[in-house]
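> Here you go, sequence then predicted model.
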Amino acid sequence: MDPADLIQRFPRLYHMAADGSWPGIAQHGLLSATALLDLFEITDPLRYQLEAQRRPESRVIQHPVHGQAVIRDNKPLLESRLAGCLQGGMTPEQWYRLLNRRTFFWPTRKRVETLLAAYRGAPQIVITVSTERLVAAHSDAICLSIINSGATRPFARPRGPDTFTPLDAFDFDARKRYGHTAIAELTVDYAVKDMLSVTERVDQHFPDGASAPLWTP
């Protein structure tokens with residue numbers, strides 16, 4: 001896919017994070033679960049539980065220097081459905097590890113709003129990122145997915161080693177007819193350390209539907 005096509009079709013990307021997480025993200029970057037476990041020096045057996053298994057609830061991890069951070073649950077990945085939709089010989093453990101090494105961005109506001117609704121019981125933050133700046137800095141680490149890779153409901157769509165396609169290998173022409181649903185996720189491998197340079201704004205969203213600006217450059 002030509003990066004210019006991605007930027008034109010999806011000029012902004014969105015990431016939802018736990019309330020209170022922005023100071024850590026501003027300091028360390030947007031870290032994948034794996035990168036966060038590395039930073040917080042989490043070892044087995046807790047690391048195995050968080051990185052290689054289903055997380056039915058979000059988990060708070062602690063570090064004497066870095067304080068605390070939240071690793072989001074992955075309860076939309078139902079074990080009963082996951083094994084049946086994996087391809088290429090992948091096991092559920094391998095799939096969890098694959099997902100946990102990525103940082104995720106939604107290409108449309110609609111997808112963000114769906115996720116906000118799922119977590120409406122507590123405040124959340126939404127980080128709006130410039131696609132142009134993110135691509136300029138991380139094009140070699142970007143992969144695209146046409147499915148919500150972290151959910152097996154309402155549909156357990158097939159997934160496996162080829163679910164995440166590098167930006168330069170993604171066949172966007174074959175997906176153009178789907179419009180703004182052509183891409184479900186944009187991921188960056190491991191971490192986006194320079195979040196302050198690619199972020200346009202951060203907003204805090206409340207359970208009653210209200211929102212307020214939290215940070216702008």
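Right, received. Where do you want to start? Numbers count the residues shown, from 1 in each chain.

> Look at the residue of the chain positioned farthest from its centre and report its pLDDT.
Ranked by distance from the centre of the chain (Cα atoms, centre = their mean), the top residue is P64, with 26.1 Å. You'll see P64 listed with a pLDDT of 97.

> before we move on, what about the one 4 residues further on?
The per-residue pLDDT reported for Q68 equals 95.

> Remind me what the helix or strand harbouring it packs against, helices and strands.
Per DSSP states H and E: Q68 is located in strand 67-71. If contacts are counted by 3 or more Cβ pairs under 8 Å, 6 or more residues apart in numbering; DSSP states H and E, strand 67-71 sits against helix 33-39, strand 59-63. (Each C-beta comes from the backbone N, C-alpha and C, glycine too.)

> can you give me the angle it makes with strand 59-63?
150 degrees (axes from the mean of the first three to the mean of the last three Cα atoms, to 10 degrees).

> what pairs with strand 67-71, and is each one parallel or antiparallel?
strand 59-63 (antiparallel) (DSSP bridges).

> that older thread, buried residues in the strand holding Q68?
Across strand 67-71, burial judged by 16 or more other Cβ atoms under 10 Å covers A69, V70, I71.

> V112 reaches Y14, doesn't it?
Yes: counting by Cβ atoms under 8 Å, V112 touches Y14, with 4.5 Å between them.

> so what's in contact with the two at the same time?
Contact with both V112 and Y14 is made by residues W106, V126, according to Cβ atoms under 8 Å, 6 or more residues apart in numbering.

> Quick check: the residue farthest from the centre of the chain vs M195, distance?
Distance from P64 to M195, counting by Cβ to Cβ, to the nearest Å: 24 Å.

> now the end-to-end length of stretch 1-14.
20 Å (Cα to Cα, to the nearest Å).

> what's the offset of it from the middle of its chain?
17 Å (Cα atoms, centre = their mean, to the nearest Å).

> Report the rounded mean pLDDT for that stretch.
95.

> which residues touch that stretch?
Residues contacting stretch 1-14 (Cβ under 8 Å, 6+ apart): 105-109, 111-112, 126-132, 134-135, 139, 144, 167-172, 180, 182-183, 186, 200.

> Among the residues you listed, the buried ones, what's the ChimeraX command?
Selection of buried members from these for ChimeraX, criterion 16+ other Cβ under 10 Å:
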select :105,106,107,108,111,112,126,127,128,129,130,131,132,134,135,144,167,170,182,183,186
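
> Which of the contacts of stretch 1-14 fall within helices?
R109, R111, V112, T131, E132, L134, V135 (DSSP state H).

> Could you report the separation of the last one from Y190?
Here V135 is placed at a distance of 17 Å from Y190 (Cβ to Cβ).

> go on, the third one?
Distance check for V112 against Y190: by Cβ to Cβ, it reads 22 Å.

> again, but for the second one
The span separating R111 from Y190 equals 22 Å under the rule Cβ to Cβ.

> go on, the fourth one?
Counting by Cβ to Cβ, the separation of T131 from Y190 is 19 Å.
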